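Peer 1: Fold the following and give me the result.
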Amino acid sequence: SAQGTVIGTVRATDADGDDLTYRIASGNTGGAFAISNAGVLTVNGTINYERTQAYTLVVEVSDGWVQGSGGIWWRGLSLNLSTINVKFTNVNEYGPVVDNENFTITENTAQGTVIGTVRAKDGDGDDLTYRITSGNTGNAFAVSNAGVLTVNGTIDYETTQAYTLVVEVSDGARSSASTIKVKVTNVIERYTSKEFDLHKDNSSPWGLWSDGTTMWVVDYSDDKLYAYTLATGARDTSKEFDLHGDNSYPGGLWSDGTTMWVANEEPSNDYSRRHKLYAYTLATGVSDGSKDLSVNIADTNYPSGIYLDDTEILDLWSDGTTMWVLGITITGVVGYPPDIYNRKLYAYTLATGARDTSKEFDLDRDNRRPLSSWSDGTTMWVADYVNDKLYAYTLATGARDTSKEFDLDRDNGSPLSSWSDGTTMWVADYSDDKLYAYELPK
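Peer 2: The predicted structure follows:
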């Protein structure tokens with residue numbers, strides 16, 4: 001109530017008809033009240049329900065001289081004390097103050113899982129209620145009257161990557177709204193329904209390529225391309241063929257749908273055979289020497305004391321114009337075991353075999369033992385045999401993109417080769433001769 005507001009009148013009578021005077025003798029905390037000589041009680045200070053809900057005032061009324069409290073003398077002989085109880089009702093002075101929040105959850109989080117708390121406060125100390133007024137697609141979330149935000153539905157990254165919720169908080173009279181942002185992180189899902197075992201003779205699955213219907217798997221041990229129906233995993237011998245006699249240590253492979261190129265990893269110093277991509281007509285398996293490509297991944301600029309021990313071509317991928325060749329250079333220092341010096345994606349013009357260094361890039365040092373590569377034209381994924389992981393790089397720049405990387409299942413502990421249709425990534429495993437299938441990160 002404002003200062004000067006009349007609260008009421010202290011009623012007093014005098015049998016002699018004398019004039020009366022009034023004064024508040026006690027209980028007037030903070031000088032909250034004043035009283036006139038007509039007994040009118042008014043507000044004189046700040047009235048705050050949150051600090052004081054009631055006052056008990058002692059009002060002294062006199063008709064003359066008499067010694068009152070504090071040693072003050074009043075004229076007359078008559079004096080009376082009155083107890084005045086003043087009770088206040090609360091006024092809703094403040095609306096809730098709510099903080100905006102940012103939370104992160106992973107997809108497939110179970111219903112009832114607590115995400116976080118919407119923080120709010122009310123200057124009047126009122127009880128608050130919470131409700132989500134918008135942004136709650138699929139009724140994915142719920143909020144309690146304590147402001148606790150929980151999962152209430154299905155959280156699927158492939159459907160929704162982020163939510164922007166508006167949460168209204170009310171104290172019964174006033175309300176405020178806050179913006180709650182919930183980011184969903186992807187969980188790479190294993191697609192067991194798309195997996196299949198390879199034939200027992202296909203025990204060294206060093207390279208994969210598919211046209212979306214048939215999956216060809218090159219075998220390092222018996223120099224052959226095995227074929228499987230991708231949808232069922234059934235072997236299709238009608239599409240299989242043996243490799244050229246010189247292509248005796250086959251590695252990665254890639255096809256444009258007409259020609260299949262298969263890398264050779266000849267363990268000798270005959271570089272005419274060793275660093276070569278052999279070409280075959282896919283429909284017939286006939287070798288097409290006119291399309292063979294010779295590639296040299298043996299860099300020669302090594303630090304002093306380093307010698308070249310070996311080079312390996314591991315896998316291929318092309319956008320139809322450029323052929324990227326995943327290769328490593330193994331070097332040695334006298335007195336120490338050989339080690340991998342270069343882990344690199346080399347680039348060649350597919351039509352001519354000319355090297356294009358402008359499109360090459362080194363792999364991250366964490367990508368210790370790369371064995372296979374596949375790209376969607378934007379991102380290049382490289383499987384690592386030691387870390388059981390697919391590393392990701394931006395194809396145009398070679399910059400590592402950790403947001404698209406993922407670990408392989410513990411059963412897929414010996415990844416040799418990989419291929420994707422843009423949605424599913426298949427990874428061949430050396431230990432159990434199986435094609436594992438994973439969701440490809442967006």
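
Peer 1: what's the pLDDT at residue 344?
Peer 2: The confidence metric pLDDT takes the value 90 at residue 344.

Peer 1: do residue 296 as well
Peer 2: Listed pLDDT for residue 296 reads 68.

Peer 1: Equivalent analysis for residue 410, please.
Peer 2: 92.

Peer 1: what about it, distance to residue 205?
Peer 2: Distance from residue 410 to residue 205, counting by CB to CB, to the nearest Å: 19 Å. Bear in mind the C-beta positions are built from the backbone N, C-alpha and C, glycine included.

Peer 1: what about those two, which has more around it?
Peer 2: Ranked by neighbour count (other CB atoms under 10 Å), residue 410 and residue 205 place residue 205 first, with 22 against 7.

Peer 1: so what's the backbone phi/psi at that one?
Peer 2: Here is the backbone geometry of residue 205 (degrees, to the nearest 10): phi -80, psi 90.

Peer 1: residues near the nearest residue to it once chain neighbours are set aside, how many?
Peer 2: Nearest residue to residue 205 in three dimensions, chain neighbours excluded: residue 428, at 3.8 Å (CB to CB, 6 or more residues apart in numbering). A count of nearby residues for residue 428, using other CB under 10 Å, gives 29.

Peer 1: In contact with residue 428: list those residues for me.
Peer 2: For residue 428, the contacting residues are 198, 205, 208, 217, 415, 416, 417, 418, 434, 435, 436, by CB atoms under 8 Å, 6 or more residues apart in numbering.

Peer 1: My assumption is that the third one lies in a helix; please confirm.
Peer 2: No: under DSSP: H, G, I helix; E, B strand; the rest coil, residue 208 sits outside any helix and is assigned strand.

Peer 1: So what sits opposite the residue nearest to it when sequence neighbours are not counted in the bridge?
Peer 2: Nearest non-adjacent residue to residue 208, counting by CB to CB, 6+ apart: residue 419, 3.9 Å away. As for beta bridges, residue 419 partners with residue 426 under DSSP bridges.

Peer 1: count of neighbours near residue 419?
Peer 2: Counted with other CB under 10 Å, residue 419 comes out at 25.

Peer 1: I'd say it and residue 205 touch.
Peer 2: No: Residue 419 is beyond contact range of residue 205, at 10.8 Å (criterion: CB atoms under 8 Å).

Peer 1: Let me know the distance separating residue 20 from residue 213.
Peer 2: Per CB to CB, residue 20 is found 109 Å from residue 213.

Peer 1: which of the two has more neighbours?
Peer 2: Remark: of residue 20 and residue 213, residue 20 carries more neighbours, 19 against 10, as counted by other CB under 10 Å.

Peer 1: Identify the residues contacting the more buried one.
Peer 2: Contacts of residue 20 by CB under 8 Å, 6+ apart are 12, 14, 37, 39, 61, 62, 63.

Peer 1: Report the mean per-residue pLDDT for the helix or strand where the fifth one lies.
Peer 2: Per DSSP states H and E, residue 61 falls inside strand 54-62. Averaged across strand 54-62, pLDDT comes to 84.

Peer 1: Would you mind pulling up the elements that it packs against?
Peer 2: Applying 3 or more CB pairs under 8 Å, 6 or more residues apart in numbering; DSSP states H and E, we find strand 54-62 packed against strand 21-26, strand 33-35, strand 79-87.

Peer 1: how about the strands in the stretch 301-442 of the chain?
Peer 2: With DSSP state E, counting those that start in this stretch, the ranges of strands along the stretch 301-442 of the chain come out as 306-318, 322-333, 339-349, 361-362, 370-375, 379-384, 389-394, 406-407, 415-420, 424-429, 434-439.

Peer 1: Of these, which is nearest residue 225?
Peer 2: Set against residue 225 and scored by CB to CB, the strands of the stretch 301-442 of the chain come closest in strand 415-420, at 12.4 Å.

Peer 1: Check what contacts the closest one and list those residues.
Peer 2: With contacts defined as CB under 8 Å, 6+ apart, strand 415-420 is touched by 204-210, 215, 217-218, 252, 315, 371-374, 376, 381, 383-385, 388, 390, 408, 425-430, 440.

Peer 1: okay, the angle between it and strand 389-394?
Peer 2: 50 degrees (axes from the mean of the first three to the mean of the last three CA atoms, to 10 degrees).

Peer 1: quick one on the thing from earlier: go through the helices and strands packed on strand 54-62 and find the least confident stretch.
Peer 2: strand 79-87 (a mean of 65).

Peer 1: Now do the helices in the protein.
Peer 2: Assigned by DSSP state H, the helices in the chain fall at 271-274.

Peer 1: center of it - which residue?
Peer 2: Centroid check for the chain by CA atoms, centre = their mean gives residue 185 as the closest residue, at 3.4 Å.

Peer 1: By mean pLDDT, point me to the weakest helix or strand of this protein.
Peer 2: Least confident helix or strand, the chain: strand 73-75 with a mean of 50, by mean pLDDT, DSSP states H and E.

Peer 1: returning to what we had before: got CSV for the strands of the stretch 301-442 of the chain, with distance to residue 24 too?
Peer 2: Shown next, in CSV, are these (distance: least, CB to CB, whole Å):
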stretch, distance to residue 24
strand 306-318, 92
strand 322-333, 93
strand 339-349, 89
strand 361-362, 87
strand 370-375, 87
strand 379-384, 81
strand 389-394, 79
strand 406-407, 77
strand 415-420, 86
strand 424-429, 84
strand 434-439, 78
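
Peer 1: what about those strands, which gets the closest to residue 237?
Peer 2: Nearest to residue 237, of all the strands of the stretch 301-442 of the chain, is strand 434-439, at 17.5 Å by CB to CB.

Peer 1: for the record, mean pLDDT for that closest one?
Peer 2: In this model, strand 434-439 has an average pLDDT of 97.

Peer 1: now the angle between strand 415-420 and that strand, please.
Peer 2: Using the same axes, to 10 degrees: strand 434-439 against strand 415-420 is 50 degrees.
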